[in-house]
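Peer 1: here is a sequence together with a model predicted from it:
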Amino acid sequence: MKKQLLIAAVAATMGTAVIADISIKGNAKYEYFNTQMTSGADTNTANTEVNLLVAGKTGDTSVVANFELNSHGAGSSDTMDIEDLYMKTKVGDVAVKAGNWALGTTALLGEIDEGGRSSNKVDLSTTIAGVKVYAGSSSAAGTSATEVTSAMYAGVVADVSGWTLQAKKLDANDYAYGISGEIEGFGIRFENKNAKAANSDVNFGQITKTVGDFDLAVAYIDADASGLVTESDSSIFAVEMSTATAGTADTGVDSVAQISAKTSIAGNTVTVKAGTVGASAGYKDADFTQISASRSLAAGSTLALTYTDKDDRSVTTSAADADKQVFEIDLSVKF
């Protein structure tokens, strides 16, 4: 009897350990948009999105599956998207990551290139004398096999006197360089995409500074030509150079410049952004202003109100100007 109780206790302990290595977290949001145009009818739209991330871990190996559920309603055919789906492990001193995942906008060139997911991606990394070295290969989204030619990439990340230096071979033709750090209270981030094709380089820069209760920032992207910037989910710019389908660059747009200020007023986080989306030859610049306020509510939820006033973009110099105002209500929660 004592042996049976001991076995049951050990089994219960093992079961608890296994369960403790499985985690489920996520977030949800409800968005409402009221859009008014100087020409055309006003529109009112809404969207509900729920994200669930399931992660499992045993030793140095972990597996992640990230599900996005949205676009509900009559006629909707896209109600669930399996986003990140990958595993991580270690082989000696080499970290291995394999599967499908997206790069964030804080990654090198994250504000320039759409960090889309790739099928069967593999990334190997290690640290040598304090320098991170990594390499990998990926292919376009879908079920195609990973290439071991033009899709190969490799890079290094090093910290030098408080500055982070990065260099990356993006593919068979293009390179990326980045530097970020702080000097005299000014945060600096600069990145360059150096392309082999003529007139295809892109520069991104940001300077931040806290003055009293205000977080101030200046940011810009400058491209040699239109159609080179594909990021459409910026964490910095109120209006981006690419606002079409993710990964699709807009025509007639070759730069964006913005100033911003953020502070706290009566428990609300208030942010003001203003700037211009620069047009290439034959098109008009598009100015924009945005003010937003967010506040934490009960039970971990957040309410954000955003008003954006912007000129229509990709308008030819011979066409009449158009203006658009968008009011957004965003109720979100993390769990």
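Peer 2: Ah, there it is. None of these values were measured; they are calculated from a predicted model.

Peer 1: give me the buried positions along stretch 49-60.
Peer 2: Within stretch 49-60, the residues that count as buried by 16 or more other CB atoms under 10 Å are Val50, Asn51, Leu52, Leu53. Using the backbone N, CA and C atoms, a C-beta is placed for each residue, glycine as well.

Peer 1: so which of those residues is the closest to Asn27?
Peer 2: Nearest to Asn27 among the buried residues of stretch 49-60: Asn51, at 5.3 Å, using CB to CB.

Peer 1: name the nearest residue to that closest one, sequence neighbours excluded.
Peer 2: Gly26 (4.8 Å; CB to CB, 6 or more residues apart in numbering).

Peer 1: what's the weakest-modelled helix or strand in this protein?
Peer 2: helix 2-20 (a mean of 47; mean pLDDT, DSSP states H and E).

Peer 1: which residues touch the following helix or strand past it?
Peer 2: Later in the chain than helix 2-20, the nearest helix or strand by DSSP states H and E is strand 22-37. With CB atoms under 8 Å, 6 or more residues apart in numbering as the test, strand 22-37 has contacts from 42-57, 322-335.

Peer 1: now, those that are in strands?
Peer 2: 43-57, 323-334 (DSSP state E).

Peer 1: pull the number of nearby residues for Ala217.
Peer 2: Using other CB atoms under 10 Å, Ala217 has 18 neighbouring residues.

Peer 1: who does the host helix or strand of it pair up with?
Peer 2: Assessed by DSSP H and E, Ala217 sits inside strand 214-223. Here strand 214-223 is paired, per DSSP bridges, with strand 202-211 (antiparallel), strand 253-265 (antiparallel).

Peer 1: so which of the ones you listed is nearest Ser294?
Peer 2: Among those, strand 253-265 comes nearest to Ser294, with 10.3 Å by CB to CB.

Peer 1: low-confidence stretches in the stretch 101-250 of the chain?
Peer 2: 116-119, 139-150, 244-248 (pLDDT under 70).

Peer 1: since we're on Glu231, how many residues are nearby?
Peer 2: Neighbours around Glu231, by other CB under 10 Å: 25.

Peer 1: pretty sure it contacts Ala107?
Peer 2: No. Contact criterion CB atoms under 8 Å: Glu231 and Ala107 do not qualify, at 10.6 Å.

Peer 1: for the two, list the residues in contact with both.
Peer 2: Joint contacts of Glu231 and Ala107 (CB under 8 Å, 6+ apart) are Gly115.

Peer 1: let me see the contact set for the residue nearest to Lys310 when sequence neighbours are not counted.
Peer 2: Nearest residue to Lys310 in three dimensions, chain neighbours excluded: Phe288, at 3.8 Å (CB to CB, 6+ apart). Applying CB under 8 Å, 6+ apart to Phe288 gives the contacts Ala238, Val239, Lys273, Ala274, Gly275, Thr276, Val277, Thr308, Asp309, Lys310, Asp311.

Peer 1: tell me which element Phe288 falls in.
Peer 2: strand 286-296.

Peer 1: what pairs with that strand, parallel or antiparallel?
Peer 2: Strand 286-296 has the following sheet partners, assigned by DSSP bridges: strand 268-279 (antiparallel), strand 301-311 (antiparallel).

Peer 1: that one: which residues count as buried?
Peer 2: Using 16+ other CB under 10 Å as the burial criterion, the residues of strand 286-296 that qualify are Ala286, Phe288, Gln290, Ser292, Ala293.

Peer 1: okay, the residues you listed in a markdown table with pLDDT next?
Peer 2: As requested, those are arranged in a markdown table below (pLDDT from 0 to 100):
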| residue | pLDDT |
| --- | --- |
| Ala286 | 93 |
| Phe288 | 97 |
| Gln290 | 98 |
| Ser292 | 98 |
| Ala293 | 98 |
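
Peer 1: what about Thr230, neighbour count?
Peer 2: 20.

Peer 1: quick check: the residue nearest to it when sequence neighbours are not counted vs Ser242, distance?
Peer 2: Spatial nearest neighbour of Thr230, chain neighbours left out: Glu114 (4.2 Å); criterion: CB to CB, 6+ apart. The gap separating Glu114 from Ser242 is 7 Å, by CB to CB, to the nearest Å.

Peer 1: thanks a lot, see you next time.
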